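Participant: what follows is a predicted structure for the sequence shown.
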Amino acid sequence: MTFNSNRFRLKKQVFYVKKEKKLPNVYHKSKAGNQSSICRKLKESEIKSFLTQILNYFFKEHFHKTLTIYQNKGPYSKKQIFFLQNA
């Protein structure tokens, strides 16, 4: 029984040593191509969020105007119908 447990420990230790040797190769080597692609993706995501903020700011008033027209209780006038068709 002790012989089997010692053999198991040896196999386990060998497994951990192999894993520790592989980690530095994967995680600590950085290539210039990988860094540039990561930077490019970050810039693209920042630009997309910035553009959506700008679009929301400029079109906020337009959507607010159309909502107020739809919320009117009375019948639509000719000017309101023209505005709704061209909006």
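Facilitator: Alright, I've got the coordinates.

Participant: sec struct for residue 43, please.
Facilitator: Residue 43 carries the three-state label helix when classified by DSSP: H, G, I helix; E, B strand; the rest coil.

Participant: and it, what's its pLDDT?
Facilitator: If you check residue 43, the pLDDT there is 78.

Participant: low-scoring stretches of the chain, by residue?
Facilitator: In the predicted model, the chain carries pLDDT under 70 at residues 1-35, 61-87.

Participant: which of the three states applies to residue 60?
Facilitator: Under three-state DSSP, residue 60 comes out as helix.

Participant: quickly note the distance from it to residue 41.
Facilitator: Distance from residue 60 to residue 41, counting by CB to CB, to the nearest Å: 29 Å. C-beta here means a position set from N, CA and C on the backbone, and glycine is covered the same way.

Participant: again, but for residue 48
Facilitator: Taking CB to CB, one finds residue 48 at 11 Å from residue 41.

Participant: how many residues are close by residue 54?
Facilitator: A count of nearby residues for residue 54, using other CB atoms under 10 Å, gives 10.

Participant: show me what contacts it?
Facilitator: For residue 54, the contact set (CB atoms under 8 Å, 6 or more residues apart in numbering) is empty.

Participant: separation between it and residue 36?
Facilitator: 27 Å.
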